[in-house]
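1. Here's my sequence, what's the structure:
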Amino acid sequence: MEKGREIEMTQKAFSIEINKATKTMEMMVSGTFTAQDYEDFVNDYVTKTSSIDASQYLLEVDCRMMDLLTPGEVDKLQGSFTRYKETGFAKVNFIVTESQSIIKMQLGRVARMAGLTNIEVIVK
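-> Now for the predicted structure:
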């Protein structure tokens, strides 16, 4: 039982993988980001996107494990969405669950605030 707790505590708040075969950058976010998580996310994002031509790629963000956003997190998320826009992905998909209607609205609102127009929120 102790080992399971250890794994849970060390689970990252995000993952970013490049799938060159499908031309998809697959991202997963979970819980709530700490300041360190956000810094690590930005660094990992910059590293991963520097190796691809984003205009040829779909950015797919799995938000099914994400917590509701607090006002302070909205600002950070808007910064990330602005970064997605500047990177120039062909399309950005956000995946949410049926029960995440508030998160779905938050994602749409923040995307509009950041000027990110090529998005789709998909319920899975």
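2. Angles on the backbone of Ile52, please.
-> phi -130, psi 160 (degrees, to the nearest 10).
3. any idea of the pLDDT on it?
-> Looking at Ile52, its pLDDT reads 97.
4. what do you get for Lys76?
-> 89.
5. so the spatially closest residue to Lys76 that is not a sequence neighbour is in which element?
-> Among residues not flanking Lys76 along the chain, Tyr38 sits closest, at 5.5 Å (Cβ to Cβ, 6 or more residues apart in numbering). Bear in mind the C-beta positions are built from the backbone N, C-alpha and C, glycine included. For Tyr38, the host element (DSSP states H and E) is helix 35-49.
6. Show me what the mean pLDDT comes to for that helix.
-> 94.
7. What is that helix packed up against?
-> Applying 3 or more Cβ pairs under 8 Å, 6 or more residues apart in numbering; DSSP states H and E, one finds that helix 35-49 contacts strand 14-19, helix 71-87.
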